[in-house]
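Participant: Have a look at this fold, sequence not included:
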């Protein structure tokens, strides 16, 4: 069951592309992150197809030693939804829900101060561009969770495209390995991460704010913790904890309740958090996160009445502590910016 009480459908076929829908803002996207716990490096990678708008969204972000970040964003032309292949990045499903491959050939903007990306035009002009080649292989660490809400007949439940963020959506903890060649330096990376896949109409401005923590402590302990707020609705607490059950076997428990406290910098960007998570079996987990490197990104769209809508997404590679263990992952905070302030503050 979905947190709102509807039934979720998920099958191996959902790892492939979905039929293009008529909504202008139809989006199908896939995302990966991967972190090497020993070297304390990592990255995240996304392609979002928006063929009815005539383009894709491609993001490539690599977290390097010393809080440096390599980043690239492109909106290459696209008129189909046949595959994830845009802006020099390509995702391939080798075995559905089990094995996937990621390739990138292009450039990254190398940022000693990732905060410069708050003004992307100036950041790309004033920082060096370096050639980058990425080869990564991913394998399932656990079963995927999520899916597409359906009715009693198995038909997808319609949503208002103007208020939709992702009708179908699932996530999956992964292990991964490969290489990142950046400006002639070769990094070998091996670790853990998460991927997600979503489809359906999407506007980044359809929700007021969210906080999302995908993280992995090891092959036997991982979680995703999320709070999502829409206008007029009570914030949704959602997530999954993968841990050892009473018999020592791995189980995935649904998150039922979250208590969240964030530490902000003077730009109201999240640099740390304390989060208490309660699962459906009553187990409690107390997380403490601290950003290691963070880059602020944005999405802008002009509404029908001509107003510019501004969404800020801060992306922080984060070190987490829980139950005496150390893990790594992301702290992703999305906020609509209203009168210069993030709407989700102080959560």
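Facilitator: Great, that's in hand. Since we're looking at a predicted model, the values are computed, not measured.
Participant: Flag the shaky bits of the stretch 1-150 of the chain, pLDDT-wise.
Facilitator: Within the stretch 1-150 of the chain, the set of residues satisfying pLDDT under 70 comprises 1-5.
Participant: which residues in it form helices?
Facilitator: Along the stretch 1-150 of the chain, the segments classed as helices by DSSP state H, counting those that start in this stretch run 120-126.
Participant: Show me where it has its strands.
Facilitator: Counting by DSSP state E, counting those that start in this stretch, one finds strands in the stretch 1-150 of the chain at the ranges 7-9, 26-36, 41-50, 55-63, 69-74, 84-86, 89-95, 99-111, 129-140, 145-150.
Participant: okay, the ones you listed in a markdown table with distance to residue 312 and mean neighbour count next?
Facilitator: (C-beta placed from N, C-alpha, C; glycine too.) Below are those laid out as a markdown table (distance: least, CB to CB, whole Å; neighbours: other CB atoms under 10 Å):
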| stretch | distance to residue 312 | mean neighbour count |
| --- | --- | --- |
| strand 7-9 | 30 | 15 |
| strand 26-36 | 18 | 24 |
| strand 41-50 | 17 | 23 |
| strand 55-63 | 15 | 23 |
| strand 69-74 | 14 | 21 |
| strand 84-86 | 23 | 20 |
| strand 89-95 | 23 | 16 |
| strand 99-111 | 17 | 19 |
| strand 129-140 | 24 | 17 |
| strand 145-150 | 25 | 19 |
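Participant: Take those and write them to CSV, including distance to residue 191.
Facilitator: Conversion of the strands of the stretch 1-150 of the chain to CSV gives the following (distance: least, CB to CB, whole Å):
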stretch, distance to residue 191
strand 7-9, 29
strand 26-36, 4
strand 41-50, 7
strand 55-63, 12
strand 69-74, 17
strand 84-86, 22
strand 89-95, 18
strand 99-111, 14
strand 129-140, 10
strand 145-150, 21
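Participant: so which of those comes closest to residue 324?
Facilitator: Proximity to residue 324 (CB to CB) singles out strand 26-36 among the strands of the stretch 1-150 of the chain, at 19.2 Å.
Participant: what packs against the closest one?
Facilitator: If you count contacts as 3 or more CB pairs under 8 Å, 6 or more residues apart in numbering; DSSP states H and E, strand 26-36 packs onto strand 41-50, strand 129-140, strand 168-182, strand 185-201, strand 325-338.
Participant: To residue 245, which of those lies closest?
Facilitator: Across the helices and strands packed on strand 26-36, residue 245 has its closest neighbour in strand 168-182 (16.1 Å, CB to CB).
Participant: what comes up buried for that closest one?
Facilitator: By 16 or more other CB atoms under 10 Å, the buried positions in strand 168-182 come out as 168-176, 178, 180, 182.
Participant: Can you tell me the strand partners of that strand and which way each runs?
Facilitator: Sheet pairing for strand 168-182, assigned by DSSP bridges, gives strand 129-140 (antiparallel), strand 145-150 (antiparallel), strand 185-201 (antiparallel).
Participant: Can you add distance to residue 63 and give those strands back as JSON lines?
Facilitator: Converted to JSON lines, the strands paired with strand 168-182 look like this (distance: least, CB to CB, whole Å):
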{"stretch": "strand 129-140", "distance to residue 63": "13"}
{"stretch": "strand 145-150", "distance to residue 63": "26"}
{"stretch": "strand 185-201", "distance to residue 63": "11"}
